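1. pasting the sequence and the predicted model now:
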Amino acid sequence: MKTNDKLIIRALNGETLTTPPIWMMRQAGRYLPEYKATRSLAGDFLSLCYNPKLATEVTLQPIRRYDFDAAILFADILLIPQALGAKLWFVTGEGPRLSTITNQNDFDMLGDVENIDDILSPIYKTVKNLSSNLPDKTTLIGFAGAPWTVATYMIAGRGTPDQKPALDLIKSNQKVFDLLMSKITYATIHYLSKQIDAGAEVIKIFDSWAGSLKGKLFDQYCIEPTKLIVSELRKIYPNIKIIGFPRGANNAGYINYTNMTAVDCVAIDSSVDTQWAADYLQKITCVQGNLDQRLLISGGHALTKETKRIVKTLSNGPHIFNLGHGITPDANPDNVTKMIKAVRE
């Protein structure tokens, strides 16, 4: 099948489809028993990310089970910090931990962007494996974290509820903060270019903590780095399709982000009113989203009803059905089947 005939690509090209294509953030993950079995073979999460054979397997598992319209590379947004020289490890039940960047000396310890492939080459191998093993109709999505979101982890050394350590560094040492943002941005451009070279057909940029940036800071540290990434990628790959996800942005933020970054699609979180998205966002771009992931835990009639409501509300423009955030480990796999049935009916 030609790339342009794939449902995801058609939606990203602005086509309104009778049935929206569907995939799911974190669709390869801990809610699936087959994922848990494969991860146990790898030993730990990072070993799984860096094992092309096993990372390919877990990426393919939800495609086999659910026949999603896209597969998203199994990796993590914090592999770039590790490739730049930050120490990275995961604490069971708590999440990632990193060595911190809080001053010029810390920043000077980081490596050069040109050397990140020394660490990240297994990821490109996984993309290549997937490119040749996915069904013809399935779109392959590569991804990276947006610079602001990645920086928040590098500065705090972990996820935080309000991203205060990063916001404090902007006030106390903006020079170091800006240097870090620039390094992450150019590393991201390089990393995504390598994914595209290996076979990724669509790129997604996850700015999971965009909502903690307000006013001019949102423009400066969410919109501008993403705009540069999109612009630089399109210089090399003019036809590459890019999805942006500024989670937690307000309505005006979503509009400005879409207009300024020139992404082909904006993913919306579950707090965004779907009717507003249809009335405003869908007039200027493809919209991805935005089922509340908690409904995949509870299931029942509420899941079916809300899924159908979203599909109907966004049926007059280009739409890719997805969640408002990643599926959680306690989700019921049977509820995913119910959701897909509701979309495709």
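-> Yes, it's here.
2. now do the SS call for the most far-flung residue of the chain relative to its centre.
-> Relative to the C-alpha centroid of the chain, counting by CA atoms, centre = their mean, Asn105 is the outermost residue, at 30.6 Å. Recorded secondary structure, Asn105: helix (DSSP: H, G, I helix; E, B strand; the rest coil).
3. show me the shaky parts of the stretch 1-150 of the chain.
-> Within the stretch 1-150 of the chain, no stretch has pLDDT under 70.
4. quick check: the gap between Leu48 and Leu88.
-> 14 Å (CB to CB, to the nearest Å). Heads up, the C-betas are built off the backbone N, CA and C, glycines and all.
5. for Leu12, give me its contacts.
-> Contacts for Leu12 (CB atoms under 8 Å, 6 or more residues apart in numbering) come out as 202, 241, 243, 264-265, 286, 318, 320.
6. helices or strands up against the lengthiest helix in the chain?
-> In the chain, with assignment by DSSP state H, the single longest helix is helix 174-198. If you count contacts as 3 or more CB pairs under 8 Å, 6 or more residues apart in numbering; DSSP states H and E, helix 174-198 packs onto helix 79-83, helix 104-108, helix 117-133, strand 139-145, helix 147-156, helix 164-172, strand 202-207, helix 224-236.
7. would you turn the contacts of Leu12 into CSV with distance to Ala277 and secondary structure?
-> Shown next, in CSV, are the contacts of Leu12 (distance: CB to CB, whole Å; DSSP: H, G, I helix; E, B strand; the rest coil):
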residue, distance to Ala277, secondary structure
Val202, 20, strand
Lys241, 19, strand
Ile243, 14, strand
Asp264, 16, coil
Cys265, 12, strand
Cys286, 11, strand
Pro318, 12, coil
Ile320, 12, strand
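8. neighbour-wise, which of those leads?
-> Cys286 (28 neighbours; other CB atoms under 10 Å).
9. wait, it sits on Leu314?
-> No - if you go by CB atoms under 8 Å, Cys286 and Leu314 don't touch, sitting 9.8 Å apart.
10. neighbour count winner among Leu48 and Leu88?
-> For the pair Leu48 and Leu88, the greater number of neighbours falls to Leu48 (21 against 18), based on other CB under 10 Å.
11. surely the more buried one forms part of a helix?
-> Yes - counting by three-state DSSP, Leu48 is part of a helix.
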